[in-house]
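# Got a predicted model here, sequence first, then my questions.
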Amino acid sequence: MTVESRPTVYIETYGCQMNVSDSELMYGRLEENGYTPVGGPEGADVILVNTCAIRDHAEQRVIGRLGELKRFMGRDTVLGVTGCMAQRLGPALLDRARHVQLVVGPDGYRALPALIDGARRGERVANVTFDLEEHYEDFHARRFDGVRAWIPVQRGCDYKCTYCIVPMTRGPERSRTLADVEREARAVAEQGITEITLLGQTVNSYRNGEHDFADLLRCVGRVPGIRRLRFTSPHPNDFTDRAIAAMADTPTLCEHVHLPMQSGSSRTLKRMLRRYTRETYFECVERIRAAIPGVALTTDIIVGFPGETDDEFEDTLSAVRDIGFDDAFTFRFSLRDGTPATRLPESLTVPDHVAADRLDRLVALVREGTRARNLSMLGTRHEVLIEKAARRGGLLQGRTRQHRTVLVAGDESLIGRYFTVELTGTTGSTFTGTMTSAGQPLPLAG
Ligand code: 5AD
Ligand code: SF4
């Protein structure tokens, strides 16, 4: 079979990093089954839309996009919807969008080649069963980024935060074995990738047999060739002393923790069933800061959760001020069918205009904090890994260990290399900088 005669597949990815990682697994699976990945929907034989269900807005975007994709479809094109929205809507999605032939949830990707064959014969199928044994261990992720790799270590989630659809779309939590994760880390390092991000819905609750998250960090952190290790997203309650000690002891672990707070009010946190209070969240921040000097902290915050009073919202603002996050992803609460929040009394619903106003105030506060910190950092020097060409003409985009984005001048041959960069300007959120010298490699442990 010549390469030209192989069918082509295009996967469009929405949502979180876990979905990006799942798309890499699907590409790998399909490539091994004779498909050639392509970079756009034009002329693709198979188009998959890997979706997110976390907020209604995310789903509406996909519905709109499915309509648009019609114009790229020929008579024999197969259109499939995968991921969290596929899992949530199941067969109903086949009724809603008549040009969609496949609906496959996050545990169903093993069957994709067979399902696509069926779709080519005219079948329309929804495959949304959970499979607690499914880790896709024998899949070979097809990575398009030659600089950084995302490695899933856990699938699903056992927390039951009342706003969250994820336990329903990704099922119960299960962790991969340490040996499998290590094998994948070694394989990506051998390909010349130097940065790894470990992925899980509550990544620090990782446990397989006697191995916990601390063991995982120590193990992956000393894989030869890996110079930067990250993880996302942790749950504050799973930062054991062992985990924090492993973070402090692992030189490759970057000084950045994304620590979802969701709210700064203990009362709101209780309704969210986050299982921590404002005080214990602050304690967690202190323990991380004490163990990792210079650590950058980012977070996720939801405003307008049912019953959030003005005072409770003020507690969120004061937490943002007191902690001094480096950055925050901020969201307006979106009620998802099937989540426990739907059982809260309707009288607790926060009116749209109030939620919108709170979001504006929160965003302004976060921006102000980020901007002040970034201005104070001008003139300092940092190790930057050049990741890719920036969208802005002729510049390269890289990141510091603290995950701050820096734009520098240079040509694309520098992608994947480390440099010491002096920060010379800031837009408020990102930096521009100048390279001063090639960064010194860290001594590699192990
Ligand atoms: N509404 C708004 N934001 C949500 N998130 C999760 N569920 C919802 C929801 N129903 C946010 C949380 C989470 C991030 C990935 O998305 O802040 O950490
Ligand atoms: Fe990722 Fe959650 Fe969205 Fe699923 S619903 S894609 S797990 S953010």
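Received the coordinates, thanks. Ligands and ions are numbered 1, 2, ... in the order given.

# Not counting its own residues, what contacts stretch 138-145?
Applying C-beta atoms under 8 Å, 6 or more residues apart in numbering, the external contacts of stretch 138-145 come out as 21, 24-25, 27-29, 31-32, 37, 109-110, 149, 184, 188, 191, 193, 387. Every C-beta, even on glycine, is put in place using the N, C-alpha and C of the backbone.

# Could you rerun that using 7 Å?
With contact meaning C-beta atoms under 7 Å, 6 or more residues apart in numbering, stretch 138-145 is reached by 24-25, 27-29, 31-32, 37, 149.

# Give me the buried positions along that stretch.
Across stretch 138-145, burial judged by 16 or more other C-beta atoms under 10 Å covers 139, 141-143.

# how far does the lengthiest helix in the chain sit from the chain's center?
When the chain is parsed with DSSP state H, its longest helix is helix 352-376. On the basis of C-alpha atoms, centre = their mean, to the nearest Å, helix 352-376 sits 22 Å off its chain's mean C-alpha point.

# The chain should start at 434 in everything you say after this.
Let's use 434 as the start, then, which means that last one is helix 785-809.

# Give me the mean pLDDT for that helix.
Mean per-residue pLDDT for helix 785-809: 97.

# What are the contacting residues of it?
Under C-beta under 7 Å, 6+ apart, the answer for helix 785-809 is 734, 736-737, 746, 749-750, 753-754, 757-761, 763, 765-766, 859, 861-862, 864.

# State the distance from the nearest residue to residue 623 once chain neighbours are set aside to residue 515.
Leaving aside its sequence neighbours, residue 623 sits nearest to residue 658 (C-beta to C-beta, 6 or more residues apart in numbering; 7.1 Å). For residue 658, the distance to residue 515 (C-beta to C-beta, to the nearest Å) stands at 32 Å.

# Repeat that for residue 570.
Here residue 570 is placed at a distance of 19 Å from residue 515 (C-beta to C-beta).

# The contacts of stretch 571-578 in helices, which ones?
457-458, 460-462, 464-465.

# what's the domain layout of this protein?
436-560, 581-809, 814-871 (automatic domain parsing).

# Among those domains, which comes closest to ligand 2?
domain 436-560 (2.9 Å; C-beta to the nearest ligand atom).

# can you tell me the average pLDDT over the closest one?
Confidence for domain 436-560, expressed as mean pLDDT, is 95.

# Check whether that domain comes near ligand 2.
Yes. Using C-beta under 6 Å from any ligand atom, we find that domain 436-560 touches ligand 2 at 448-449, 451-452, 485-487, 516-517.

# Could you identify the most distant pair in the residues you listed?
451 and 486 (12.2 Å; C-beta to C-beta).

# Could you list the contact residues of the chain toward ligand 1?
With C-beta under 6 Å from any ligand atom as the criterion, the chain comes near ligand 1 at residues 487-488, 596-597, 693, 695, 733, 735, 764, 766-767, 769.

# What subset of those residues is buried?
487-488, 596-597, 693, 695, 735, 764, 766-767, 769.

# Go through the contacts of helix 785-809 and flag which are in strands.
Secondary structure assignment by DSSP state E places 734, 736, 760-761, 763, 765, 859, 864 of the contacts of helix 785-809 in strands.

# Can you tell me the closest non-neighbouring residue to the closest residue to ligand 1 within the stretch 534-683 of the chain?
Residue of the stretch 534-683 of the chain nearest ligand 1, by C-beta to the nearest ligand atom: residue 596 (4.1 Å). The shortest distance from residue 596 to any residue other than its chain neighbours is 5.1 Å, reached at residue 774 (C-beta to C-beta, 6+ apart).

# tally of neighbours for residue 806?
Using other C-beta atoms under 10 Å, the number of residues around residue 806 comes to 16.

# Quickly note the distance from it to residue 726.
From residue 806 to residue 726 the distance is 16 Å (C-beta to C-beta).

# my read is residue 678 is in a helix, agree?
Yes. Under DSSP: H, G, I helix; E, B strand; the rest coil, residue 678 falls within a helix.

# residues near it, how many?
Residue 678 has 14 neighbouring residues, counting by other C-beta under 10 Å.

# quick one: contacts for the residue nearest to residue 541 when sequence neighbours are not counted?
Closest residue to residue 541 apart from its sequence neighbours, by C-beta to C-beta, 6+ apart: residue 560 at 4.2 Å. By C-beta under 7 Å, 6+ apart, the contact set of residue 560 is 537-538, 541, 544, 548.

# among these, which two are most distant?
The most widely separated members of the contacts of residue 560, counting by C-beta to C-beta, are 538 and 548 (11.7 Å).

# These two: which has the busier surroundings?
residue 538 (25 against 22).

# Show residues contacting the host helix or strand of residue 631.
Here residue 631 sits within strand 628-632, counting by DSSP states H and E. Contacts with strand 628-632, where a contact means C-beta under 7 Å, 6+ apart, come from 450-451, 454, 580-586, 618, 621, 649, 653, 659-665, 818.

# what bridges to residue 441?
Residue 441 forms beta bridges with residue 469, as assigned by DSSP bridges.

# My guess is it contacts residue 469. True?
Yes. Using C-beta atoms under 7 Å, residue 441 is in contact with residue 469, at 5.0 Å.

# rewinding a little: so which of the ones in strands among the contacts of helix 785-809 is the most crowded?
Going by other C-beta under 10 Å, residue 736 tops the ones in strands among the contacts of helix 785-809 with 27 neighbours.

# So that one versus residue 749, what's the distance?
Taking C-beta to C-beta, one finds residue 736 at 7 Å from residue 749.

# quick one: the helices in the stretch 634-783 of the chain?
Secondary structure of the stretch 634-783 of the chain, counting by DSSP state H, counting those that start in this stretch: helices at 646-654, 674-682, 699-704, 711-724, 743-756.
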